[in-house]
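Asker: The following block contains a protein sequence and its predicted model.
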Amino acid sequence: MKTYKYIIIGVVSFFFFVIAGLPAGTAYGYWKEYLGKSVPVELQDVHGSLWNGKAGQVRIQRVQLQRVQWDFSFFSLLTGKLKLYLDFGLKEGQGKGAIAKSLFGGVSLQDVQAGLYLKDVAPMLGLQSLSPAGVVRLNLQELQIEDGFIVSAEGNAIWQNAEIALFKPLQLGTLEIEVKPDENGIKGVLSDKGGPLEAQGLLNLDTEGKYNLNGSVRVRDPLKTDLNSAINAMGRPGADGKIPLKYSGKMQALPL
């Protein structure tokens, strides 16, 4: 019985190493041929193998990565996952992290550090109507995705040089949100790091992409008339001079 077991393991391992050793460009060509436009990922200047390779450029919708390198973790298969360690270039410096795909469904990101232009990811977050600008710095210990929706996350995101457009561009300063998992999905704490806008809030995001944000905002400098007018149009200030915020909606599914 043990002999047959070792034979099966040997055969499976052989085919795995054969597939992993395929040239990455060849594998990508087959992948695009069979899946076509249903895959929102485009690679250019591909070298190496599926096991260990690189691409000069990778585009995921409007997000563009450069000088992408990957290493496949063989040992992750023992836990039922396909796991890649990534190192990549961005307009805002370098990024790195790991992405794992469960053989039974979900996707998880681990130890991610990256800087993204918010205008590039705004459509994924349903924020394009606000024409947001600035750079979002991600520092995530873990993020789990099921059926395209974020179901768990831990880490923080800092929005530097935050800006939105309400009739005209409005500078908000620097905002931060820290997230951690809870029993219903994700709980986040919003705060400002100085600048024109004072902001606090609590975010709840469930496993189906539905979110609600409760918080408050106030403009620090009364001489910033444009920002004051825009903020005052959002509601009536309370006794503390802060305007309450209440938003709810549903995020679009992510292309993962």
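Answerer: Thanks, I have it. Numbering: from 1, shown residues only.
Asker: CA atoms for contacts and neighbours, from now on please.
Answerer: Fine.
Asker: hey, C-alpha coordinates of stretch 137-150 in CSV?
Answerer: Presented in CSV, the C-alpha positions along stretch 137-150 are these (Å, rounded to 0.1, in the frame of the first residue of the first chain):
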residue,chain,number,x,y,z
ARG,A,137,0.0,53.9,1.1
LEU,A,138,-0.9,50.3,2.0
ASN,A,139,0.5,48.3,4.8
LEU,A,140,-1.5,45.2,5.2
GLN,A,141,-0.6,42.2,7.3
GLU,A,142,-3.4,40.2,5.7
LEU,A,143,-6.4,40.7,3.4
GLN,A,144,-8.8,37.9,2.4
ILE,A,145,-11.1,37.9,-0.6
GLU,A,146,-14.0,35.5,-1.3
ASP,A,147,-16.1,35.8,-4.4
GLY,A,148,-14.6,39.2,-5.2
PHE,A,149,-15.4,40.7,-1.9
ILE,A,150,-13.1,41.5,1.0
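Asker: Start the count at 25 instead of 1 going forward.
Answerer: OK, 25 is where the count begins now, so the last one is stretch 161-174.
Asker: contact partners of that stretch?
Answerer: 129-140, 175-184, 231-233, 275-280 (Cα atoms under 8 Å, 6 or more residues apart in numbering).
Asker: buried ones in that stretch?
Answerer: The neighbour-count check on stretch 161-174 (16 or more other Cα atoms under 10 Å) flags 161-170, 172-174 as buried.
Asker: Same check on stretch 178-195?
Answerer: Glu178, Gly179, Asn180, Ala181, Ile182, Trp183, Gln184, Ala186, Glu187, Ile188, Leu194, Gln195.
Asker: which other residues reach that stretch?
Answerer: So stretch 178-195 is contacted by 154-167, 196-205, 220, 250-251, 254 (Cα under 8 Å, 6+ apart).
Asker: I figured Gln88 was touching Phe112, is that so?
Answerer: No: counting by Cα atoms under 8 Å, Gln88 stays clear of Phe112, with 10.0 Å between them.
Asker: Mind checking which of those two has more residues around it?
Answerer: Taking other Cα atoms under 10 Å, Gln88 and Phe112 do not tie; Phe112 has more neighbours (21 against 17).
Asker: Could you count how many residues lie near Gly117?
Answerer: With other Cα under 10 Å as criterion, Gly117 counts 10.
Asker: Tell me the spacing between Lys234 and Tyr271.
Answerer: Using Cα to Cα, to the nearest Å, one gets 11 Å for the distance from Lys234 to Tyr271.
Asker: Please identify which of the two sits among more neighbours.
Answerer: Shown here are Lys234 and Tyr271; by other Cα under 10 Å, Lys234 has more neighbours (15 against 10).
Asker: who's in contact with Ser132?
Answerer: Per Cα under 8 Å, 6+ apart, neighbours of Ser132: Ile123, Ala124, Lys125, Glu166, Leu167, Gln168, Ile169.
Asker: Which secondary structure state is assigned to the third one?
Answerer: Read it as Lys125. strand (DSSP: H, G, I helix; E, B strand; the rest coil).
Asker: For the nearest residue to it once chain neighbours are set aside, grab phi and psi.
Answerer: Take Lys125 and drop its neighbours on the chain: the residue closest to it by Cα to Cα, 6 or more residues apart in numbering is Val131, 4.6 Å away. Here is the backbone geometry of Val131 (degrees, to the nearest 10): phi -120, psi 140.
Asker: Let me know the distance separating Val131 from Gln68.
Answerer: 23 Å.
Asker: Partner strands of the strand ranked longest in the chain and their direction?
Answerer: The single longest strand within the chain, with elements called by DSSP state E, is strand 173-190. When sheet partners are counted by DSSP bridges, strand 173-190 sits next to strand 157-170 (antiparallel), strand 192-206 (antiparallel).
Asker: what about those, which gets the closest to Asp216?
Answerer: strand 192-206 (4.4 Å; Cα to Cα).
Asker: Just the pLDDT for Phe96.
Answerer: Looking at Phe96, its pLDDT reads 81.
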